[in-house]
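> my questions are about this predicted structure, shown below with the sequence.
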Amino acid sequence: MFLGTHTPRLDQKGRLFLPAKYRDELSGGVVITKGQERCLYVFPTDEFARLTAALRSAPVTAKAVRDYSRVLFASASDQACDKQGRVTVPPKLREYAGLDRECVVIGANTRLEIWDSQAWSDYEAEQEQEFAQLSEEVLPGVL
């Protein structure tokens with residue numbers, strides 16, 4: 001499970017330090033792909049394989065499945081962390097997420113997300129009020 005908020009910087013070669021506490025879990029490689037709200041999803045390879053299996057069992061006749069799969073897999077890039085714990089974010093994915101230098105990496109349960117720092121601040125401020133109200137819809141009877 002990935003938790004927390006981290007603020008690494010993207011270097012000139014498009015590399016980013018992933019949080020040190022997750023490096024063992026990510027040592028088998030990661031898949032970086034487009035996420036919703038213009039962020040990037042970073043999946044450990046085994047979690048991406050689980051997602052792939054779920055999509056494989058979804059009906060290819062469903063347009064939403066085809067559309068989602070096309071964007072997800074066409075933008076996906078498998079990467080390995082270097083010895084310093086950095087991962088290279090491909091140029092097209094950096095462009096999609098508007099990543100320049102200041103980034104935020106958040107834990108999002110089964111994945112990490114990479115955000116442009118300002119985009120994350122804006123999103124977080126916008127969602128703060130919604131968060132309080134959503135618990136009743138998302139987790140009825142749990143919280």
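Arrived safely, thanks for sending.
> direction included, what does the helix or strand harbouring residue 113 pair against?
Here residue 113, judged by DSSP states H and E, is contained in strand 111-116. Paired with strand 111-116 in the same sheet, following DSSP bridges, are strand 40-44 (antiparallel), strand 103-108 (antiparallel).
> format those strands as JSON lines; extra columns: mean pLDDT and mean neighbour count.
All C-beta atoms are positioned from the backbone trio N, CA, C, and that covers glycine. Shown next, in JSON lines, are those (pLDDT from 0 to 100; neighbours: other CB atoms under 10 Å):
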{"stretch": "strand 40-44", "mean pLDDT": "98", "mean neighbour count": "24"}
{"stretch": "strand 103-108", "mean pLDDT": "97", "mean neighbour count": "20"}
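> of these, which approaches residue 84 most closely?
Minimum separation from residue 84 across these (CB to CB) falls at strand 103-108, 15.3 Å.
> ok, now which ones touch the spatially most central residue of the chain?
Geometric centre of the chain, nearest residue: residue 41, 1.7 Å, by CA atoms, centre = their mean. Residues near residue 41 by CB atoms under 8 Å, 6 or more residues apart in numbering: 32, 33, 34, 35, 108, 111, 112, 113.
> what are the ranges of the strands in the protein?
5-6, 15-17, 30-34, 40-44, 77-79, 86-88, 103-108, 111-116 (DSSP state E).
> quick revisit: grab the nearest non-local neighbour of the residue nearest to the centre of the chain.
Distances taken as CB to CB, 6 or more residues apart in numbering place residue 35 nearest to residue 41, at 4.0 Å, with adjacent residues excluded.
> just to revisit the earlier point, for the contacts of residue 41, which one is nearest residue 3?
Closest to residue 3, out of all of the contacts of residue 41 and judged by CB to CB, is residue 108, at 8.9 Å.
> please name the nearest non-neighbouring residue to that closest one.
Leaving aside its chain neighbours, residue 108 sits nearest to residue 2 (6.2 Å; criterion: CB to CB, 6+ apart).
> just checking, residue 26 touches residue 43?
No - using CB atoms under 8 Å, residue 26 is not in contact with residue 43; the gap is 9.5 Å.
> check contacts around residue 96.
34, 38, 40, 75.
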